[in-house]
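Trainee: Model the structure of this input:
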Amino acid sequence: MNNDLDTDVLLALVMRKRKVLLQLRELTSRQPALIADGDLPTLLRVFSAKQQLLEEVHRIDRQLEPFRQQRPEDRDWRSTEVRDQCRAAADDCRRLVEELKATELRDRNQLSEHWQATTKQLEGAHAAAEAREAYRPEVASVGFDLSSDS
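Mentor: The predicted model follows:
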């Protein structure tokens, strides 16, 4: 394979990874509102879609692995513009990954807080129901004595 073709493949992979990471960022940006609204079904669909995109990022990363073994200065590019385009896209990828990590951490904390608040509400409702039940008048059981005293 000639070096121009190698760098064309590298550029295509980096651009594809950037596109997938942008899609991940778009999906991730929907999470805070879904968490705040308690919209678990939609949140689970978002998680599922994100999982598919993450799997695509991993596939791309596996394809990029041979390029990581190369020294960047040894690559022959069609032009400096193409090299700069690839470098900028790779920088975007690194920035997007860091942004996604920070966002995921924030959203995980928000989700945890939401679930803790919901748990407290449920515990309070359960305690109130038990208190009401404790003050409920006993209802005398009406029945028949079927025992025999013969």
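Trainee: contacts and neighbour counts: CA atoms only from here.
Mentor: Will do.
Trainee: For residue 39, give me phi and psi.
Mentor: phi -90, psi 70 (degrees, to the nearest 10).
Trainee: and if you look at residue 70?
Mentor: phi -90, psi 150.
Trainee: Report the contact partners of it.
Mentor: Counting by CA atoms under 8 Å, 6 or more residues apart in numbering, residue 70 makes contact with nothing.
Trainee: How many neighbouring residues does the spatially closest residue to residue 40 that is not a sequence neighbour have?
Mentor: Nearest non-adjacent residue to residue 40, counting by CA to CA, 6 or more residues apart in numbering: residue 34, 7.2 Å away. For residue 34, the count of nearby residues is 17 (other CA atoms under 10 Å).
Trainee: likewise residue 33?
Mentor: Residues contacting residue 33 under the criterion other CA under 10 Å number 12.
Trainee: distance of it from residue 39?
Mentor: Remark: distance between residue 33 and residue 39 (CA to CA, to the nearest Å) = 9 Å.
Trainee: low pLDDT regions in this protein?
Mentor: 1-5, 114-115, 117-150 (pLDDT under 70).
Trainee: Kindly recompute the last result at 50.
Mentor: Within the chain, the ranges that satisfy pLDDT under 50 run 1.
Trainee: any idea which element the residue positioned nearest the centre of it lies in?
Mentor: For the chain, the residue nearest the mean C-alpha position is residue 47 (4.9 Å; CA atoms, centre = their mean). Using DSSP states H and E, residue 47 falls within helix 40-68.
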